[in-house]
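> pasting the sequence and the predicted coordinates here, then a few questions.
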Amino acid sequence: MTSLSETPAAPLLLKAPTGIRGLDEITRGGLPQGRSTLVTGGTGTGKTLLGLQFLVAGAREHGEPGVLVTFEESAEKVTADVASLGFDLDGLQRDGMLIIIAFPVEAAEIVETGEFDFGPLSLVLDDAIRRIGARRVVLDSIEVLFGAFKARAIVRAELGRLFGWLQGREVTAVVTGERADDALTRHGIEEYVSDCVIVLDHRVHGGVATRRLQVIKYRGSTHETNEYPFLISVRGFEVLPVTAVSLDYGASSERLSTGVPRLDHMLSGGPYRGSTVLVSGAPGTGKTTLGAHLIDAACARGERALLVLFEESPDEVIRNMGSVGLDLGRWVEAGLLRIWAARPSAFGLETHLTILAGLMDEQKPAIAVLDGITSLTHQPPQADVVSMVARQIHLLKSRGITAMATTLVQDDEASGVGMSSLIDTWLLLRNVESNGERNRLLFVLKSRGTAHSNQVREFVLTDHGVELADVYVGPGGVMTGSARVMQQGRERSEQLEREEQLMRRKRELKALAAQGQAQLAVLQEELAAQQAELEQIASREARLAAEAKATRAALAAQRRADPG
């Protein structure tokens, strides 16, 4: 099977991997090798960092030396700024893998004439490229170099000459520029002479900052065209998604236990490994407890698990789960469970996603539970929240992690974060009130690719965990709680009464059978006696007949009667 996004067979454009997580997936391999890429954005969007990470990755991972030309800052300042990210620029320079050229340009010293003297910069840059055999070059920021020119014709000509000069040296170049209010760059020209254009944006919604990256142009190659969040963290420049863009993850047929046997039975053995389960419900329905059961079952199998909390602290969850007989603390101590908690408003959406990716890298879990994911919806705009949740699910699926997300909802048919179409199994927990009580019910709303129960179960929290009980449907509707207990009591009483009636009937039948046997014995005795009497009569009659015959014969002999 092929994807609609796949391109037809054609000569491949050589690309230089950036080493930036997510960017290589979006650009489908990296930046155009031997060509120039423009990175534009406002102040503080991370243009310089993107360029530096491109150079460092080239030197560390691909053995490609690089040259950084900075027009605004000194080499010492640039080196110090990125040291906290683990970028040892001094070490790369000592190893001959990097040269930093500080080329300060003062606008007052540049006089706009018919011809700009590009000679000094080209000589210095050409010497650096030849000295270490550089394959990558970053110019930061080109706006400083051409900022003094007002004539667009001069700027266009010089930019075209600069990019052509770089291409002639067969180096992959990244050129950074400042974005204008109404154009990609201040001059509105650089994008036309670049082979690839990447736009960085920094926006604030509801007091929460979010950065976005978009590939506007890429000559000779297909690429992802949407906006993608990116993050500047201790790992450097990271673009989200942090996994593959395409839906190419596998599908396992292995079943996993949820830790609740009757729920496993309702799901034909449990959810598939690598699938995503959504548990939605009103407050207090037991969503977190169900997630804790999944984790407890996984750790009991020796698998590693991750629990991400958006509403409670780790200590609170460990204490609360102890009240239902689940000891999560022992799994934390054993290193099988990692619990991470933070309020949704503490970070931007892209930061939450990146933190999740980092936690998965560190813990390498087989099971992950995201508890209270609905809290993220407090961050506007909602479209960004839905997009981020979708990326979280795709991230989990791409790594084969079985995930459970809990959401707080008031509407039974709503997922809370617009993710119902993204998940594989959807469980609904509902509170019901009857007979002055508040009880819980569990429904399986959907379970892709598997037969599942359409019956309702009462969701009971006990001191030894969750139990699912059959509900009773009578003339008044579904019976739960004490009504169910009373119904069960009535059924037990009726059953006992039926059993007693059966035992009584068995005793009566046994007595009747014994009586019949006794009567039969008497009759058999009478029959035997009468038969013996009859035999005696028959024997006496035979004897008398024989005696009579003998007497007649004797009389006949005495009378000398004729024979016969």
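Received the coordinates, thanks. Small disclaimer: the values here were computed from a predicted structure and weren't measured.
> now do the SS call for residue 460.
strand (DSSP: H, G, I helix; E, B strand; the rest coil).
> three-state assignment of the residue lying closest to it once chain neighbours are set aside?
Excluding the flanking residues, the one nearest residue 460 by Cβ to Cβ, 6 or more residues apart in numbering is residue 467, at 4.6 Å. Where you see a C-beta, it was placed from the backbone N, CA and C, and this is true even at glycine. With three-state DSSP as the basis, the three-state label of residue 467 is strand.
> can you get me the start-to-end distance on stretch 31-48?
16 Å (Cα to Cα, to the nearest Å).
> from here on, call the first residue 2.
All right, first residue 2 from here; so that's stretch 32-49.
> wait, residue 488 touches residue 473, no?
Yes - at 4.8 Å, residue 488 counts as touching residue 473 under the criterion of Cβ atoms under 8 Å.
> measure residue 52 to residue 138 for me?
According to Cβ to Cβ, to the nearest Å, residue 52 stands 9 Å off from residue 138.
> find residues that contact each of these two.
69, 175 (Cβ atoms under 8 Å, 6 or more residues apart in numbering).
> can you give me the strands in the stretch 52-201 of the chain?
Assigned by DSSP state E, counting those that start in this stretch, the strands in the stretch 52-201 of the chain fall at 67-71, 99-103, 137-141, 173-179, 197-206.
> got the angle for the second one vs strand 67-71?
Going back to what we said before, that points to strand 99-103. Using axes from the mean of the first three to the mean of the last three Cα atoms, to 10 degrees, the inter-axis angle of strand 99-103 relative to strand 67-71 is 10 degrees.
> before we move on, what about the longest one?
Between the axis of strand 197-206 and that of strand 67-71 there is an angle of 60 degrees, by the same axes, to 10 degrees.
> buried stuff in the next helix or strand after strand 197-206?
Using DSSP states H and E, the helix or strand that directly follows strand 197-206 along the chain is strand 209-219. Neighbour counts using 16 or more other Cβ atoms under 10 Å place 209, 211, 212, 213, 214, 215, 216, 218, 219 of strand 209-219 among the buried residues.
> please export the C-alpha coordinates of strand 209-219 as CSV.
Output in CSV follows, covering the C-alpha atoms of strand 209-219 (Å, rounded to 0.1, in the frame of the first residue of the first chain):
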residue,chain,number,x,y,z
VAL,A,209,1.1,31.6,26.8
ALA,A,210,3.9,31.8,24.3
THR,A,211,3.9,29.5,21.3
ARG,A,212,6.5,29.2,18.5
ARG,A,213,5.7,28.0,15.0
LEU,A,214,7.7,26.9,12.0
GLN,A,215,6.6,26.6,8.4
VAL,A,216,8.5,25.6,5.3
ILE,A,217,7.2,28.2,2.7
LYS,A,218,9.3,27.1,-0.2
TYR,A,219,11.5,24.1,-1.2
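> count of neighbours near residue 125?
15 (other Cβ atoms under 10 Å).
> could you pull out the helices for the stretch 302-451 of the chain?
315-323, 330-334, 350-364, 383-399 (DSSP state H, counting those that start in this stretch).
> nearest to residue 86, of the ones you listed?
helix 350-364 (13.9 Å; Cβ to Cβ).
> which other helices and strands does the closest one contact?
strand 209-219, strand 229-234, strand 306-310, strand 338-342, helix 383-399 (3 or more Cβ pairs under 8 Å, 6 or more residues apart in numbering; DSSP states H and E).
> contact partners of the first one?
Strand 209-219 has contacts (Cβ under 8 Å, 6+ apart) with 24, 27-28, 33, 46-47, 185, 192, 195-205, 224-233, 240, 346, 349-351, 380, 385.
> can we see that at 6 Å?
197-204, 224, 228-229, 231, 240, 349, 380 (Cβ atoms under 6 Å, 6 or more residues apart in numbering).
> show me what residue 231 is bridged to.
Note on residue 231: beta-bridge partners by DSSP bridges are residue 212, residue 240.
> can you give me the pLDDT of the residue nearest to residue 461?
Residue 468 is assigned a pLDDT of 92 by the prediction.
> count of neighbours near it?
Neighbour number of residue 468 under other Cβ under 10 Å is 14.
> any figure for the gap between it and residue 367?
For residue 468, the distance to residue 367 - Cβ to Cβ - is 25 Å.
> and what of residue 217?
In terms of Cβ to Cβ, residue 217 sits 40 Å off from residue 367.
> in stretch 393-404, what counts as buried?
Buried residues in stretch 393-404 (16+ other Cβ under 10 Å): 393, 394, 395, 396, 397, 398, 399, 400, 402, 403, 404.
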